[in-house]
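> Have a look at this prediction, sequence included:
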Amino acid sequence: MGFLFEDDNFTLFRDGFLQTIELSALSALLALLLGTLLAAFRVSPVPVLRGFGTAWVTLFRNTPLTLLFFAVVFGLPKLGASLSYMTLAVLALGGYTASFVCEVIRSGINTVPLGQAEAARSLGMSFGQTLLLVVLPQAGRTVLAPMSSVFIALPRNSAIAGAFSVAELYSAQQSFSEKGYSIFAIFFWVACAYLLISAAVATLFRFLESRLAVAR
């Protein structure tokens, strides 16, 4: 297992680890923003927006992530989009995760008493103002636990990007395998890296839950 402490190997592993964190962070940000917007669409009084939100969630939740990566990485360039593999990976992973974030937030919105929205509308607030200022702040507190599961899974899902020219942990693992190192040793260190990222995400959400806990 000591192969990792050789200079070249450590640099390769470190770069893959940092790239995984970057890919996961950017995808999480995109998923959170897009997922919140899709959740707003799904509860919108506008039928076209509701239909779009429903179609997005249905399509992305039922499409294998590997297939989605193929569609984005090879499809967008054919449509004239000149983007780096990292950007394409963020779009694929963020768009996929956004469908799960959407459903988590929508479930939180459904827990907010209807009277709160009616009271906001009686004060002259628009649908957007009611959602942004009244409903979402309450819904966000109630969905922290299920949301943590979505974002803990995201770094593991990012491993697929390694097969599409993104130099993250899975790509580093392939390089070590090609050099002939022990598969057990390679997967031990890669598993430890993913465990560290997942533990950091879980700790962050536990902190948020304690700070934003709803008084009962």
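Arrived safely.
> Just the mean pLDDT for stretch 153-162, thanks.
What stretch 153-162 shows for mean pLDDT is 86.
> Pull out the buried residues from the host helix or strand of F205.
Here F205 is covered by helix 183-212, with elements defined by DSSP states H and E. Within helix 183-212, the residues scored as buried using 16 or more other C-beta atoms under 10 Å are I186, W189, V190, A193, Y194, I197, S198, V201, F205. For the C-beta atoms, the positions are set from N, CA and C on the backbone; glycine is no exception.
> Tell me the secondary structure at the one residue sitting closest to the centre of the chain.
What sits nearest the mean C-alpha location of the chain, by C-alpha atoms, centre = their mean, is A28, with 3.8 Å. At A28 the chain is in helix, as set by DSSP: H, G, I helix; E, B strand; the rest coil.
> Identify the residues contacting the lowest-mean-pLDDT helix or strand in the chain?
In the chain, no helix or strand scores lower on mean pLDDT, DSSP states H and E than helix 169-178, which sits at a mean of 76. With C-beta atoms under 8 Å, 6 or more residues apart in numbering as the test, helix 169-178 has contacts from 3, 9, 12-13, 15-17, 19-20, 159-163, 183, 186-187, 190, 193-194.
> rerun that using 10 Å as the cut-off
For helix 169-178, contacts defined as C-beta atoms under 10 Å, 6 or more residues apart in numbering pick out 3-4, 9, 11-21, 23, 155-156, 158-165, 167, 181-183, 185-187, 189-191, 193-194, 197.
> List the buried residues of it.
For helix 169-178, the neighbour count (16+ other C-beta under 10 Å) marks L169, Y170, S171, A172, Q173, S175, F176 as buried.
> how far away is the last one from I105?
Using C-beta to C-beta, to the nearest Å, one gets 39 Å for the distance from F176 to I105.
> now do the fourth one
Relative to I105, A172 is positioned 34 Å away (criterion: C-beta to C-beta).
> cool, the fifth one as well?
For Q173, the distance to I105 under the criterion C-beta to C-beta works out to 34 Å.
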